[in-house]
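Undergrad: Here is a sequence together with a model predicted from it:
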Amino acid sequence: MGLLTPLWRAVAVFRVAALAYAAILMLNSYRDFVRPWLGWAVLALMAVWTIVTGAAYADPARRRWPMLSADMVVTIACLAASELVVAPQRLHTGSATLPMAWVAGVVLVWAISGGRRRGTIGALLVGTVDLLLRQGVTSATVNGTVLLLLAGSIMGYVSRLTSDAEERLQRATELEAATRERDRLARGIHDSVLQVLALVQRRGAEIGGEAAELGRLAGEQEATLRALVGVRADTAPDGVADLRVLLGRYAGARVTVASPATPVLLPAATAEEIAAAVGSALDNVAVHAGAQAQAWVLVEHEPDQVTVSVRDDGCGIAPGRLAEAADAGRLGVAQSIRGRVRDLGGTVAVTSGPGQGTEVELRVPTG
């Protein structure tokens, strides 16, 4: 059952109550009708249509234009029949029409199905017919039309809020299901794959030789898997990515990633470009810093910018070496890092010295 279902039920109850009110008024005034039999026929049609719409709108698949249009046609027909039943002089001086408040049912239906705009259109259609019946503007016409407009706009607003809430609830339900599945997979990985990798790493270190290298690789894969299952990436809304998750994939035996405890949410394209720039910096560490170099990635999330620092304890960069590399066409820092960050409106600072390691600091605005 959707969140809009109570609104549809409320309209069905309103129509029954409005029909009963119209019947009571007709019992008191049918002797003054020009054609009493036609008045009773219209009341019978209203009763039948109240039952038809109550059954039809209970099925969400039938809340479509064919039924909505038919509802408006029948309502206007019952309203227009007042001209043939009620004495013209009474109708023109503000006497009640046959359906009375029953006509508001279709306005509420249109508002629930299409929001404020459709509800307002429905109110204007009914109000225009009422104005034509009375052949002039009366206080009854003005009051009735204003009330219909208020009912249509307010119900349309409530309907739109309810629809939005229902969509958010659906997304939250799907997110919860995805989270449970992720947790289940994480438990399975922890109970099988991660334990095997940890065993290979430990045994490789004990055996030594080529097995030690195999153990080292197993340790890196274990750290990567732990990072993947340890951070909940599915908490980000559509079009937004958690930078922690993207950078967490680089974590390994020789790369340590430190990030805030809360999600670092950025536009997906921005987060991916930052992650790619960090990946290029880590590639440079692997190639140039030395075989045993360690790297650290630090993420800082400030109100107006994100700062990512990539630091290593390698051999460092000689003064002028970056400029020489760019002139020689090796554009790892110039394009892969600086170019990406510059396109995002950010800056890159490289601090290094022979034997002192290297630090690459990326600053990207979030505003």
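TA: Great, that's in hand. The shown structure was predicted, so the numbers you read here are calculated from the model rather than taken from an experiment. Numbers count the residues shown, from 1 in each chain.

Undergrad: all contacts plus neighbour counts: C-alpha atoms, from now on.
TA: OK.

Undergrad: Surely Glu181 forms part of a helix?
TA: Yes - assigned with DSSP: H, G, I helix; E, B strand; the rest coil, Glu181 falls within a helix.

Undergrad: what pLDDT does it get?
TA: Looking at Glu181, its pLDDT reads 80.

Undergrad: where are the low-confidence patches of the stretch 1-150 of the chain?
TA: Applying pLDDT under 70 to the stretch 1-150 of the chain flags residues 1.

Undergrad: Okay, helices next: where are they in it?
TA: Chain-ordered helices for the stretch 1-150 of the chain, with DSSP state H, counting those that start in this stretch as the definition, fall at 5-29, 36-56, 65-80, 82-85, 88-92, 104-134, 139-191.

Undergrad: So which of the ones you listed is the most surrounded?
TA: When these are scored by mean count of other CA atoms under 10 Å, the highest mean neighbour count falls to helix 104-134 (a mean of 22).

Undergrad: okay, the angle between that one and helix 36-56?
TA: Direction vectors for helix 104-134 and helix 36-56, defined by axes from the mean of the first three to the mean of the last three CA atoms, to 10 degrees, enclose an angle of 150 degrees.

Undergrad: for the helices of the stretch 1-150 of the chain, which one sits closest to Leu197?
TA: When the helices of the stretch 1-150 of the chain are ranked by proximity to Leu197, the top entry is helix 139-191, at 10.0 Å, counting by CA to CA.

Undergrad: On the C-terminal side of the closest one, identify the next helix or strand.
TA: The C-terminal neighbour of helix 139-191 among helices and strands, as given by DSSP states H and E, is helix 193-207.

Undergrad: Going by neighbour count, list what's buried in that next one.
TA: With burial defined by 16 or more other CA atoms under 10 Å, the residues of helix 193-207 counted as buried are Leu194, Leu197, Ala198, Val200, Gln201, Arg202, Gly204, Ala205.

Undergrad: So for the chain, the centremost residue is which one?
TA: Within the chain, one residue has its C-alpha closest to the average C-alpha position: by CA atoms, centre = their mean, that is Arg168, at 6.1 Å.

Undergrad: what about that residue, distance to Ala268?
TA: Taken as CA to CA, to the nearest Å, the spacing of Arg168 relative to Ala268 amounts to 20 Å.

Undergrad: ok, which stretches of the stretch 251-367 of the chain are strands?
TA: 255-258, 265-267, 295-301, 305-312, 347-352, 358-365 (DSSP state E, counting those that start in this stretch).

Undergrad: among the ones you listed, which is nearest Pro60?
TA: Using CA to CA as the criterion, the shortest distance between Pro60 and the strands of the stretch 251-367 of the chain is 36.0 Å, found for strand 265-267.

Undergrad: Can you spell out which helices and strands pack onto that closest one?
TA: Packing contacts for strand 265-267, counted by 3 or more CA pairs under 8 Å, 6 or more residues apart in numbering; DSSP states H and E, involve strand 240-242.

Undergrad: Sheet partners, orientation included, of the strand it packs on?
TA: Looking at strand 240-242 with DSSP bridges, its paired strands and their directions are strand 265-267 (antiparallel).

Undergrad: Done for today, thanks.
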